[in-house]
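Participant: Structure for the following, please:
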Amino acid sequence: MADEGVDRDDTAAEEPSQAGAVGPGRTGPGRTGPGQTGPGQTGPGQTGPGTVRPGGRTARVRAAVLDAAGDLLAEAGFDRLDLAEVARRADVGKTTVYRRWGTPAGLVADLLADMAEQSLPRTETGSLDGDLRANAALVARTLADPRQGPLFRAVIAAAGTDPRAAEALHRFYAVRVAQWAPCVEQAVERGELPADTDPEEVIRAVSAPLYYRLLTTPAPLDAEAADRAAAAAAAAARAGVFVRVDLSRGR
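Facilitator: Numbers count the residues shown, from 1 in each chain. A predicted model of the protein is given here:
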């Protein structure tokens, strides 16, 4: 997609105006909401377009652009994620957006990296059941959010057709799963689960039915659905379903 004309190419001189500022009660880059908190969480390491973690004015431009990109994704989906429209909504120069992010997939990659950084830290309740319920509740709240739910649906749909979007989505979930895996490791140490239980598989099993519900049914993602997903994963883990199997044995 070619940029027609050059406008406000100097990123350092660009400041998003009030039109690109954060609106109240919305979630996205630099804002709090379901599954999000302030910066400081560990995110995936990236070196592609839009992955620099700048400060000052450049950081404000990035936040405004990612905010606008998230809004457009939630409203119209990945197919209509137009960089020129994102620049217009963020009130920054088109050249800056094209130069820093390059493609819609590059923009999605940075948006997901930002979301991973801002995700709420793992809850520690002292028990496997409590920890998995906390994880399920966080996932359900995020997917049920009026903005975040459509945004995730759009990114998941994009991952099915765009390799870069798929790679960004995989990185995002790798970070989130790794952040919650220690609660399973602690359960093993407490004797709640069999030795050699795969922590990441347990965490994936918690959120899998919630995403399936989001994508395949109109049923609500409520507390009951979250508790059921957590209970099912905990029961399977206790039964040894997620114990790592050495396939070389018996050969």
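Participant: Which neighbouring elements make contact with the helix-or-strand element of the chain with minimal mean pLDDT?
Facilitator: Least confident helix or strand, the chain: helix 104-118 with a mean of 88, by mean pLDDT, DSSP states H and E. When contacts are defined as 3 or more CB pairs under 8 Å, 6 or more residues apart in numbering; DSSP states H and E, helix 104-118 packs onto helix 56-76, helix 83-90, helix 94-101, helix 148-159, helix 163-189. (Each C-beta comes from the backbone N, C-alpha and C, glycine too.)
Participant: In TSV, list those along with mean pLDDT and distance to Ala208.
Facilitator: Below are the helices and strands packed on helix 104-118 laid out as TSV (pLDDT from 0 to 100; distance: least, CB to CB, whole Å):
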stretch	mean pLDDT	distance to Ala208
helix 56-76	92	23
helix 83-90	96	31
helix 94-101	94	31
helix 148-159	90	13
helix 163-189	93	11
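Participant: Which among these is found nearest to Ala137?
Facilitator: Smallest distance to Ala137 across these (CB to CB): 12.3 Å, for helix 163-189.
Participant: Counting by contacts, list what the helix or strand following the closest one packs against.
Facilitator: Counting by DSSP states H and E, the next helix or strand C-terminal to helix 163-189 is helix 199-216. Applying 3+ CB pairs under 8 Å, 6+ apart, we find helix 199-216 packed against helix 128-144, helix 148-159, helix 163-189, helix 223-238.
Participant: Looking at those helices, which is nearest to Gly93?
Facilitator: helix 163-189 (23.2 Å).
Participant: now the closest one and helix 104-118, what's the angle there?
Facilitator: Here the directions of helix 163-189 and helix 104-118 differ by 20 degrees (axes from the mean of the first three to the mean of the last three CA atoms, to 10 degrees).
Participant: Counting by contacts, list what helix 163-189 packs against.
Facilitator: helix 104-118, helix 128-144, helix 148-159, helix 199-216.
Participant: Just put those in CSV and tack on mean neighbour count and distance to Val188.
Facilitator: Shown next, in CSV, are the helices and strands packed on helix 163-189 (neighbours: other CB atoms under 10 Å; distance: least, CB to CB, whole Å):
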stretch, mean neighbour count, distance to Val188
helix 104-118, 24, 25
helix 128-144, 22, 9
helix 148-159, 20, 30
helix 199-216, 19, 8
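Participant: which stretch among the helices and strands packed on helix 104-118 comes nearest Asp227?
Facilitator: Nearest of the helices and strands packed on helix 104-118 (CB to CB): helix 163-189, 16.2 Å.
Participant: Also compute the angle for the closest one relative to helix 199-216, please.
Facilitator: Using the same axes, to 10 degrees: helix 163-189 against helix 199-216 is 130 degrees.
Participant: Asp162 - how many residues pack around it?
Facilitator: Counted by other CB atoms under 10 Å, the residues lying close to Asp162 total 19.
Participant: that older thread, the helices and strands packed on helix 104-118: which one's closest to Phe242?
Facilitator: helix 163-189 (8.4 Å).
Participant: what comes up buried for the closest one?
Facilitator: 164-169, 171-173, 175-177, 179-181, 183-184, 186-188 (16 or more other CB atoms under 10 Å).
Participant: For the helices and strands packed on helix 104-118, give me TSV that also has distance to Val202.
Facilitator: As requested, these are exported to TSV (distance: least, CB to CB, whole Å):
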stretch	distance to Val202
helix 56-76	30
helix 83-90	37
helix 94-101	35
helix 148-159	21
helix 163-189	5
